[in-house]
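>>> with the input below, show me the fold.
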Amino acid sequence: MTSPASSFDPARLATAVRRGERAALARALNLLDDRRDEPRRQAADFLRQLETDQPGDSGHLIGMTGPPGAGKSSLTAALITVWRQRGLRVGVLAVDPSSPISGGALLGDRLRMKTSADDDGVFIRSLACRGEFGGLSAEVWPMSLVMLAAFDVAVIETVGVGQREIDISRMCDTTCFVAQPGSGDSVQFLKAGILEVPHVLVVNKEDMGAVARRTLSELGTALGRAHTDGNWEVPVLSASATSGTGIETLADTLDRHGRTLRKSQCLLSRRRNYRAQWLLKRLQEEFGSHGIRQLGGEAALVEQLAGQNLSLFEQHEALRQRLLGAAPGAGDSTSNY
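Now for the predicted structure:
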């Protein structure tokens with residue numbers, strides 16, 4: 001009798017994912033979310049195949065972040081409607097708070113985003129943040145590669161942990177910060193440096209009237225600078241997920257930033273740098289700052305990783321083995337990204 005492990009075909013799974021087959025997408029994401037040894041090895045084989053066959057600059061990876069209650073999920077659902085009207089396929093990773101008991105996601109994707117379950121052009125997956133302060137678990141980056149392979153637009157919506165939530169900016173092509181009118185967060189975001197993160201800033205719930213306009217004015221005054229992405233100037237927009245106003249403009253602006261990245265030919269190098277940052281974080285979690293120093297230090301390691309053409313897990317495993325070989329008594333060589 002053939003075991004599930006021996007029948008696993010990474011090339012076939014990668015092909016099915018690129019075709020957008022829902023069963024294949026679910027299987028691939030479940031594989032990446034499984035921390036047992038054998039699924040980890042299968043996930044490495046699958047992603048190696050996916051990265052080999054997929055252009056490094058395909059799709060548009062958008063991060064939606066902001067404080068709890070700002071309406072990120074409602075705004076994402078409204079954007080999905082616009083994107084689908086434009087013929088774009090959309091995949092969403094909705095990062096939720098984790099259960100302290102099971103470690104699973106507490107909120108369901110369908111509870112927060114009202115989209116048609118019959119639309120094959122939309123795929124939404126809930127993912128637990130597993131208590132990470134940056135609002136993103138280790139699995140999000142590999143999962144984003146799957147979404148980019150299958151969809152025109154891939155969205156990562158973070159859990160909304162407030163001022164610490166900046167990891168999203170080190171992963172996505174375009175980061176959109178959703179502000180809550182009248183919450184008093186604007187000054188706090190300025191102090192925390194959060195407003196240095198987004199490429200697009202939108203005040204949701206503009207139907208709140210004067211309160212929303214005041215928040216819009218405050219944030220517009222605060223953002224008197226440009227990102228380094230082709231001299232991109234951060235726009236401050238207003239929208240209402242409830243009434244639908246401003247959603248088309250928001251979708252246009254997000255798309256314009258993606259096109260700016262491609263025009264300036266920095267998208268591929270940006271993604272390579274983000275991958276290097278992800279690898280660095282995983283290695284720091286497992287081996288600490290001492291392990292990073294053994295590999296030459298943070299800056300040199302990021303530069304080295306960003307310049308390589310190896311797959312994500314080939315890089316990760318090669319560095320792990322170097323550190324495990326240097327560590328006395330290190331016995332477990334199973335990757336734990």
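
>>> quick one, phi/psi of the residue lying closest to Leu88 once chain neighbours are set aside?
In this structure, Leu88 finds its nearest non-sequential neighbour in Asp152, 4.2 Å apart by CB to CB, 6 or more residues apart in numbering. Any C-beta I mention is one placed from the backbone N, CA and C, and that applies to glycine too. Main-chain torsions, Asp152, degrees, to the nearest 10: phi -70, psi -40.

>>> got a list of what Val153 touches?
Contacts for Val153 (CB atoms under 8 Å, 6 or more residues apart in numbering) come out as Gly59, His60, Ile62, Trp83, Leu88, Arg89, Val90, Gly91.

>>> got a winner among those for most neighbours?
Top of these by neighbour number is Gly91, holding 28 neighbours under the definition other CB atoms under 10 Å.

>>> now the element after the lengthiest helix in the chain, going C-ward?
The residue-count maximum for a helix in the chain (DSSP state H) belongs to helix 267-294. Of the helices and strands lying after helix 267-294 in sequence (DSSP states H and E), the nearest is helix 298-306.

>>> before we move on, the earlier item: show me what the longest helix of the chain is packed against.
The contact analysis (3 or more CB pairs under 8 Å, 6 or more residues apart in numbering; DSSP states H and E) places helix 267-294 against helix 140-150, helix 247-263, helix 298-306, helix 312-326.

>>> buried stuff in it?
267, 270-283, 287, 291-292 (16 or more other CB atoms under 10 Å).

>>> parallel or antiparallel, list what pairs with the helix or strand Phe177 falls within.
In the assignment (DSSP H and E), Phe177 maps to strand 174-179. With DSSP bridges as the test, strand 174-179 is paired with strand 60-65 (parallel), strand 200-203 (parallel).

>>> before we move on, back to that, look up how far Leu32 lies from the residue nearest to Leu88.
Separation of Asp152 from Leu32 (CB to CB, to the nearest Å): 21 Å.

>>> those two: which has the busier surroundings?
Legend: neighbour count by other CB under 10 Å for Asp152 and Leu32, higher for Leu32 (25 against 16).

>>> ok, the more buried one - contacts?
Taking CB under 8 Å, 6+ apart, one finds Ala43, Leu47, Glu139, Pro142, Met143, Val146 in contact with Leu32.

>>> wasn't Gly244 part of a strand?
No: Gly244 is assigned coil when assessed by DSSP: H, G, I helix; E, B strand; the rest coil, not a strand.

>>> count of residues packed around the nearest residue to it once chain neighbours are set aside?
Spatially, and ignoring its direct neighbours in sequence, Gly244 is nearest to Ala78 (6.3 Å; CB to CB, 6+ apart). Neighbour count for Ala78, taken as other CB under 10 Å: 26.

>>> from the contact counts, what lies against the strand or helix carrying Ala78?
Assessed by DSSP H and E, Ala78 sits inside helix 72-85. Helix 72-85 sits against strand 60-65, strand 90-96, helix 109-112, strand 153-157, helix 247-263, with contacts defined as 3+ CB pairs under 8 Å, 6+ apart.

>>> could you list the low-confidence segments of the stretch 201-337 of the chain?
Residue ranges of the stretch 201-337 of the chain with pLDDT under 70: 223-230, 326-337.

>>> can we see that at 90?
Within the stretch 201-337 of the chain, the ranges that satisfy pLDDT under 90 run 205-234, 236, 263-286, 299-318, 320-321, 324-337.

>>> ok, back up a step: relative to Leu93, how far out is the residue nearest to Leu88?
Taking CB to CB, one finds Asp152 at 15 Å from Leu93.

>>> cool, Arg214 as well?
33 Å.

>>> just the buried residues of stretch 234-254, please?
Neighbour-count burial for stretch 234-254 [16+ other CB under 10 Å]: 234-241, 246-247, 250-251, 253-254.

>>> could you dump it to PDB, C-alpha only?
In PDB, the C-alpha atoms belonging to stretch 234-254 read as follows (Å, rounded to 0.1, in the frame of the first residue of the first chain):
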ATOM      1  CA  VAL A 234       2.500  58.600   0.200                       C
ATOM      2  CA  PRO A 235      -1.200  59.500  -0.500                       C
ATOM      3  CA  VAL A 236      -3.700  60.000   2.300                       C
ATOM      4  CA  LEU A 237      -7.100  58.800   1.100                       C
ATOM      5  CA  SER A 238     -10.600  58.500   2.600                       C
ATOM      6  CA  ALA A 239     -13.100  55.700   2.000                       C
ATOM      7  CA  SER A 240     -16.100  54.000   3.400                       C
ATOM      8  CA  ALA A 241     -16.400  50.300   3.200                       C
ATOM      9  CA  THR A 242     -20.100  50.700   4.200                       C
ATOM     10  CA  SER A 243     -21.100  53.100   1.400                       C
ATOM     11  CA  GLY A 244     -18.500  52.100  -1.100                       C
ATOM     12  CA  THR A 245     -17.200  55.600  -1.600                       C
ATOM     13  CA  GLY A 246     -13.500  55.900  -2.300                       C
ATOM     14  CA  ILE A 247     -13.000  52.200  -2.900                       C
ATOM     15  CA  GLU A 248     -12.300  52.600  -6.600                       C
ATOM     16  CA  THR A 249      -9.700  55.300  -5.900                       C
ATOM     17  CA  LEU A 250      -8.100  53.200  -3.300                       C
ATOM     18  CA  ALA A 251      -7.800  50.200  -5.700                       C
ATOM     19  CA  ASP A 252      -6.400  52.500  -8.400                       C
ATOM     20  CA  THR A 253      -3.800  53.900  -5.900                       C
ATOM     21  CA  LEU A 254      -2.700  50.500  -4.800                       C
END
